[in-house]
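A.B. asks: Sequence plus the predicted model coming up.
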Amino acid sequence: MCTVSIRLLHAADIHLGYQQYGSPQRYHDFALAFGHLVDDALAQRVDYVLVAGDLFHQRTVDPLTLLQATDHLRRLRDAGIPVIAVEGNHERPHYLDKLSWLGYLAKTGLLIVLTPEYHDGTMVLEPWNERDRTGAYIDLPGGLRVIGAKYYGATTARVLQDLSQAIPELPGGRPAYTVLMLHAGIQGVLDHYPATVSRAQLDVLRPYADYVALGHIHKPFI
């Protein structure tokens with residue numbers, strides 16, 4: 001069982017760089033909102049911040065947007081609060097790109113970005129490697145494990161099945177508390193929203209996850 005109290009702040013869909021309605025003010029509003037989130041994390045003295053996808057609004061990031069991200073992420077790093085993230089649909093790199101901007105932030109030590117790999121069609125969950133700054137899960141003090149998966153779109157249901165087979169094979173048995181991070185939407189929250197999964201499809205992971213940190217749908221729901 002967990003031996004310490006751990007406080008998590010779960011956020012998603014920050015969309016830095018989005019000039020909504022073509023308004024320069026809206027561009028800055030998204031950065032201000034992220035700043036308020038960081039202020040709250042610092043004030044509440046959380047242990048970890050979870051960003052379940054779409055930190056950025058698009059895969060190509062302009063210098064000012066990158067500065068907005070790095071400035072606030074450094075505030076969290078300097079306070080000793082790691083930020084754990086998964087890649088959303090808006091920030092997916094082009095298939096020819098070897099490194100996304102989220103990956104860049106991971107390499108610089110400002111993010112822990114989690115996602116599985118597939119080897120010959122089989123999902124592989126590698127532990128977070130501090131040297132390479134890659135991995136699919138990370139074991140944290142107090143018996144907390146965080147597992148992450150990037151946005152998979154229409155194949156998300158299959159990925160959930162793959163996770164239900166890969167997670168039980170992880171070494172060391174089930175930890176005291178497991179958080180699963182996904183950039184995915186649930187059917188029925190918004191009408192006619194594509195690439196969602198049903199509660200039944202998600203339910204295959206109930207034995208292996210205590211909390212599911214979702215992103216993607218911009219609407220509060222339980």
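C.D. replies: That came through, no problem. Bear in mind the structure is a predicted one, so any value in this text is a computation, not a measurement.
A.B. asks: For L50, list the residues it contacts.
C.D. replies: By C-beta atoms under 8 Å, 6 or more residues apart in numbering, the contact set of L50 is L8, L9, H10, A11, V83, I84, A85, V146, V179, M181, A213. For the C-beta atoms, the positions are set from N, CA and C on the backbone; glycine is no exception.
A.B. asks: right, and A33 touches L16 too?
C.D. replies: No: between A33 and L16 there is no contact under C-beta atoms under 8 Å: 9.2 Å.
A.B. asks: higher neighbour count, those two?
C.D. replies: Comparing A33 with L16 by other C-beta atoms under 10 Å, the one with more neighbours is L16, at 25 against 14.
A.B. asks: what pLDDT does that one get?
C.D. replies: Looking at L16, its pLDDT stands at 95.
A.B. asks: follow-up on the earlier one: in strands, which of the contacts of L50 fall?
C.D. replies: When DSSP state E defines the strands, the subset of the contacts of L50 inside them is L8, L9, H10, A11, V83, I84, A85, V146, V179, M181, A213.
A.B. asks: Output the longest helix belonging to the chain as PDB, restricted to C-alpha atoms.
C.D. replies: Longest helix in the chain by number of residues (criterion: DSSP state H): helix 24-44. What follows is helix 24-44, C-alpha atoms only, in PDB (Å, rounded to 0.1, in the frame of the first residue of the first chain):
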ATOM      1  CA  PRO A  24      -4.000  37.900 -30.600                       C
ATOM      2  CA  GLN A  25      -5.500  38.300 -27.200                       C
ATOM      3  CA  ARG A  26      -6.800  34.700 -27.300                       C
ATOM      4  CA  TYR A  27      -3.300  33.600 -28.200                       C
ATOM      5  CA  HIS A  28      -2.000  35.100 -24.900                       C
ATOM      6  CA  ASP A  29      -5.100  33.900 -23.000                       C
ATOM      7  CA  PHE A  30      -4.000  30.200 -23.400                       C
ATOM      8  CA  ALA A  31      -0.600  31.100 -22.000                       C
ATOM      9  CA  LEU A  32      -2.100  33.000 -19.100                       C
ATOM     10  CA  ALA A  33      -4.300  30.000 -18.300                       C
ATOM     11  CA  PHE A  34      -1.300  27.700 -18.300                       C
ATOM     12  CA  GLY A  35       0.400  30.200 -16.000                       C
ATOM     13  CA  HIS A  36      -2.600  30.100 -13.600                       C
ATOM     14  CA  LEU A  37      -2.400  26.300 -13.600                       C
ATOM     15  CA  VAL A  38       1.300  26.500 -12.600                       C
ATOM     16  CA  ASP A  39       0.500  29.000  -9.900                       C
ATOM     17  CA  ASP A  40      -2.100  26.700  -8.500                       C
ATOM     18  CA  ALA A  41       0.300  23.700  -8.600                       C
ATOM     19  CA  LEU A  42       2.900  25.700  -6.700                       C
ATOM     20  CA  ALA A  43       0.300  27.100  -4.200                       C
ATOM     21  CA  GLN A  44      -1.200  23.600  -3.500                       C
END
